[in-house]
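[1] I would like the atomic coordinates for the input below:
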Amino acid sequence: MRIQASTALSRYPSLSPDAVKALWEKEISSFKHQIIVLDDDPTGVQTVHGVSVYTDWSEASIEQGFLEPGSLFFILTNSRAFSEEETRQVHQDIAERAAAVSRKLNQPFLLISRGDSTLRGHYPLETEVLYETLQGEGNPIDGEILLPFFFEGGRLTLEGVHYVRQEDELIPAGETEFAKDRTFGYRSSSLAEYVEEKTDGRFSAKDVTLIPLSMIRSLAIDEITSLLMNVSRFNKVVVDAAEEQDVRVFTIALMRALRQGKTFLYRTAAAFTKVIGNISFRPLLTAPELVNPEASTGGLIMIGSHVQKTTDQLEKLKELSTLHFLELDAHLVLEPEDFQEEIDRVQREAEEKVQAGVTTVIYTRRERLDLGQNMKEKELQLSVDISRAVTSIVQRFAVTPRYLIAKGGITSSDIGTNGLGVRRATVAGQVAPGIPVWTTGEESKFPHLPYIIFPGNVGAVTTLRDVAAMLEGTNQP
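    Numbering: from 1, shown residues only. Next comes the predicted model:
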């Protein structure tokens, strides 16, 4: 049932920032775990800054992450674009290697499976593989925390129900377009029922522990800790949250439970990673921080996501008359020779424009490629082939753009890893709420390039246009 956000949230008392801060500072000072975030697409860094993102998961890279001065690093798996078998292997490899490095360095760690805030992805496969592997490595796990709250994207959880906020209306996640995803769709908005649905009943909704917002807002730290201490046999914990401070209160109780020997895996959105990583506030990045005003080339904007929000944002972006737009007919993927000709055409024209100082937007044909029922694996593979085609344009691009924006999770991951050849990037911050920026490493195709990772389902209809206008130094429209 849809509800009004202002009405629903008015039922709960506000938290005292000073009280939460005092509790937090006391707890964080004794928290010594290394935090490893496995990101199923590059958008999971949309709340942090000053942390590293690794695009491979070799034992050497994981050890380098452990040895960094900060307590948090990301591994970009891009597993949302993987088959189930690929996903299984990657997560088994990472868990084994993380456990080995932990033993070598005598450093405790925790693994966060950072997934989509609208619940799409390989769940429960990813955390189940981590659980099975860590158990086999002698690292017992008591339970799993589900915390998909993400304020910047308007994702709230109240009374165990996950919502997507639009203006002042809270829409149950199961009623949104995201729940109709052909590969990762679902029915349930109640997270306990979502668990039962996704695990085919292996974990019952009635066995899920709820941490309600009423308990969080009353600062019932001891009661929350007690609930966590009673979780066992990899049962699930669902956490309510409507603002970042709610996550912080829960995390205080979580740290107390960890100190008493409890162990968990985590399936969360980006808010939890910021909080448990103790990442400070940073203002949004500005054009002078990102773009060299002396650069003579144009920028490059690559749009692959097909959610309706991206399509609407593209239409608004077209209001910027200084940009050049090129459509890539992705449906030609079914005819490989014709598709390659199309890729070459788009690349040549884009290079000419960017060299001439004109920022160019390359976008895939907006109509979805629909192969019919029971073809989700084939459609996923074709979407990967299309993303590879878009990536190849960047990979072969002969001109260094002033900046690069990639729209969509799979698109931005493939461009970052394969198109730009990034092996380790630094998160500079966000250019708009929920929209992160990487600074590419020396090893990349375009070193030190501001690479803006724009999630498909984030922002207002005008946000992409506004970001581009800022970078272009124009007040249009």
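[2] Which residue ranges make up each domain of this protein?
    3-276, 287-472 (automatic domain parsing).
[3] which ones are touching Val48?
    Applying Cβ atoms under 8 Å, 6 or more residues apart in numbering, we find Val48 in contact with Leu72, Ala270, Thr273, Lys274, Gly277, Ile279, Val427, Pro436. C-beta: built from backbone N, CA, C; applies to glycine.
[4] And the strands in the stretch 351-477 of the chain, which stretches?
    Remark: strands assigned in the stretch 351-477 of the chain by DSSP state E, counting those that start in this stretch are 360-364, 404-407, 424-432, 435-439, 450-454.
[5] Out of the ones you listed, which is closest to Leu314?
    Closest approach to Leu314 among these (Cβ to Cβ): strand 360-364, 5.8 Å.
[6] Surely Leu134 and Ala99 touch.
    Yes. The pair Leu134 / Ala99 is scored as a contact, 6.3 Å apart, by Cβ atoms under 8 Å.
[7] just to revisit the earlier point, how about TSV for the strands of the stretch 351-477 of the chain, with distance to Asp329, mean pLDDT and mean neighbour count added?
    Formatted as TSV, the strands of the stretch 351-477 of the chain follow (distance: least, Cβ to Cβ, whole Å; pLDDT from 0 to 100; neighbours: other Cβ atoms under 10 Å):
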stretch	distance to Asp329	mean pLDDT	mean neighbour count
strand 360-364	8	95	23
strand 404-407	18	95	27
strand 424-432	30	95	22
strand 435-439	27	94	24
strand 450-454	22	95	28
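[8] got JSON lines for these, with distance to Leu258 too?
    Output for these, formatted as JSON lines (distance: least, Cβ to Cβ, whole Å):
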{"stretch": "strand 360-364", "distance to Leu258": "44"}
{"stretch": "strand 404-407", "distance to Leu258": "36"}
{"stretch": "strand 424-432", "distance to Leu258": "25"}
{"stretch": "strand 435-439", "distance to Leu258": "27"}
{"stretch": "strand 450-454", "distance to Leu258": "31"}
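[9] Ser214 is nearest to which of the ones you listed?
    Short answer: strand 424-432, nearest of the strands of the stretch 351-477 of the chain by Cβ to Cβ, at 31.2 Å.
[10] Show residues contacting the closest one.
    Contacts for strand 424-432 (Cβ under 8 Å, 6+ apart): 45-55, 61, 64, 74, 282-285, 289-290, 416, 436-441, 443-444, 450-452, 459, 463, 466-467, 470.
[11] repeat that for 7 Å
    45-46, 48-54, 282, 284-285, 436-441, 452, 459, 463, 467 (Cβ atoms under 7 Å, 6 or more residues apart in numbering).
[12] Pairing partners for it, with directions?
    Strand 424-432 sits in its sheet next to strand 52-54 (antiparallel), strand 435-439 (antiparallel), going by DSSP bridges.
[13] In TSV: those strands, plus distance to Asp200.
    Formatted as TSV, the strands paired with strand 424-432 follow (distance: least, Cβ to Cβ, whole Å):
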stretch	distance to Asp200
strand 52-54	33
strand 435-439	34
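[14] ranges for the helices of the stretch 151-300 of the chain?
    191-198, 213-217, 221-229, 244-259, 270-276, 287-290 (DSSP state H, counting those that start in this stretch).
[15] any low-confidence regions in the chain?
    369-377, 379-380, 475-477 (pLDDT under 70).
[16] Longest helix in it, please.
    If you go by DSSP state H, the chain has its longest helix at helix 84-105.
[17] Quickly note the distance from Leu334 to Arg366.
    17 Å (Cβ to Cβ, to the nearest Å).
[18] Leu265 now?
    37 Å.
[19] Between the two, tell me which one has more neighbours.
    Taking neighbours as other Cβ atoms under 10 Å, Leu265 and Arg366 compare with Leu265 leading, 21 against 14.
[20] ok, the residue lying closest to Arg368 once chain neighbours are set aside to Ser387 distance?
    Nearest non-adjacent residue to Arg368, counting by Cβ to Cβ, 6 or more residues apart in numbering: His306, 5.7 Å away. In this structure, His306 and Ser387 are 11 Å apart, going by Cβ to Cβ.
[21] Those two - which one has more neighbours?
    Ser387 (26 against 18).
[22] Just to check, the more buried one is in contact with Ile410?
    Yes. Under the criterion of Cβ atoms under 7 Å, Ser387 makes contact with Ile410 at 4.9 Å.
[23] residues shared between the contacts of the two?
    Common neighbours of Ser387 and Ile410 (Cβ under 7 Å, 6+ apart) are Ala81, Gly304.
[24] the strands in the stretch 101-250 of the chain, which residues?
    Using DSSP E, counting those that start in this stretch, strands in the stretch 101-250 of the chain cover 109-114, 143-147, 155-158, 161-166, 169-172, 209-211, 235-239.
[25] Need the ones you listed in CSV (columns: distance to His122 and mean neighbour count).
    As requested, the strands of the stretch 101-250 of the chain are exported to CSV (distance: least, Cβ to Cβ, whole Å; neighbours: other Cβ atoms under 10 Å):
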stretch, distance to His122, mean neighbour count
strand 109-114, 9, 24
strand 143-147, 14, 25
strand 155-158, 19, 24
strand 161-166, 18, 21
strand 169-172, 22, 18
strand 209-211, 23, 20
strand 235-239, 16, 24
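[26] which one of those lies closest to Ser392?
    Closest of the strands of the stretch 101-250 of the chain to Ser392 is strand 109-114, at 27.2 Å (criterion: Cβ to Cβ).
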